[in-house]
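Trainee: this one's sequence-less:
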């Protein structure tokens, strides 16, 4: 089975977000594999181990992303691909990312493509479905279980606290939700093997794409942190007096009534 995983390099979840000039500052920040993508990588490895084939992890970024790709290889992926478009594309959005990934995948005869449900930095959840749409294949989002029998697929997806069972067929793209599996930690032998596994580097020209082909369709004007919340108030006195004071505060300070 020919399996691909769409991976994104994101801020470490422990990082403190710093905003400078309306943008998130990356200076000195630590990066990791997007946590939802770890579920996708783990599921891809399990599917390969059960059905055979190979797992290729693909990401868009600069040379710094090689670290996260090597981590994916250490987890058990077979190959990695780094598509560096930073020298050609000044601004990119989900349309840009999906277009580049779909162009790379269009002739790879992928049976199964996995991605994280969302990226913890942007949280749009658009890239996976956009890639599937461009490739003309079905997709199922937020899956918590995946069963493959030949070309038939049964997926259980999370729908706001309930479950939905979807039956479809390969080729297919799915996005992984928390609970799909428990991602493994790279072992020492895995880390050593990862150094020798193939990591291909591509640029926009290698995909026969021009800058105009992947021009962003949206523009971020500014990024800012939410205002700090003021300390809450504890009301004292009789219940009747507390109710009167609460109503007054909701009207004069909170201004919700």
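Mentor: Right, received. Where do you want to start? All values reported here derive from a predicted model rather than from experimental measurement. Numbers count the residues shown, from 1 in each chain.
Trainee: switch to C-alpha atoms for all contacts and neighbour counts from now on
Mentor: Fine.
Trainee: For stretch 224-241, buried residues please.
Mentor: Residues of stretch 224-241 classed as buried: none (neighbour count, 16 or more other CA atoms under 10 Å).
Trainee: So which residues of the stretch 1-150 of the chain form strands?
Mentor: For the stretch 1-150 of the chain, the strands defined by DSSP state E, counting those that start in this stretch occupy 2-6, 9-11, 19-20, 23-24, 31-33, 54-60, 79-84, 112-116, 139-149.
Trainee: what's the most buried one of those?
Mentor: Here the criterion is mean neighbour count by mean count of other CA atoms under 10 Å, and of the strands of the stretch 1-150 of the chain the winner is strand 112-116, at a mean of 27.
Trainee: Parallel or antiparallel, which strands does that one pair with?
Mentor: strand 2-6 (parallel), strand 172-176 (parallel) (DSSP bridges).
Trainee: Tabulate those in a markdown table, adding columns for mean pLDDT and distance to residue 227.
Mentor: Shown next, in a markdown table, are the strands paired with strand 112-116 (pLDDT from 0 to 100; distance: least, CA to CA, whole Å):
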| stretch | mean pLDDT | distance to residue 227 |
| --- | --- | --- |
| strand 2-6 | 98 | 34 |
| strand 172-176 | 97 | 32 |
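Trainee: out of the strands of the stretch 1-150 of the chain, which comes closest to residue 219?
Mentor: strand 23-24 (12.5 Å; CA to CA).
Trainee: which other residues reach the closest one?
Mentor: Identification of contacts with strand 23-24 by CA atoms under 8 Å, 6 or more residues apart in numbering yields 17, 18, 222, 223, 224.
Trainee: Repeat that for stretch 215-233.
Mentor: 19, 22, 23, 24, 89, 91, 92, 93, 94, 95, 96.
Trainee: what bridges to the third one?
Mentor: When assigned by DSSP bridges, residue 23 has beta-bridge partners residue 20.
Trainee: I'd like to know which of the strands of the stretch 1-150 of the chain has the weakest mean confidence.
Mentor: Comparing mean pLDDT across those, the weakest is strand 23-24, with a mean of 76.
Trainee: Surely residue 154 touches residue 147?
Mentor: Yes. Applying CA atoms under 8 Å, one finds residue 154 in contact with residue 147, separated by 5.1 Å.
Trainee: Great, nothing more from me.
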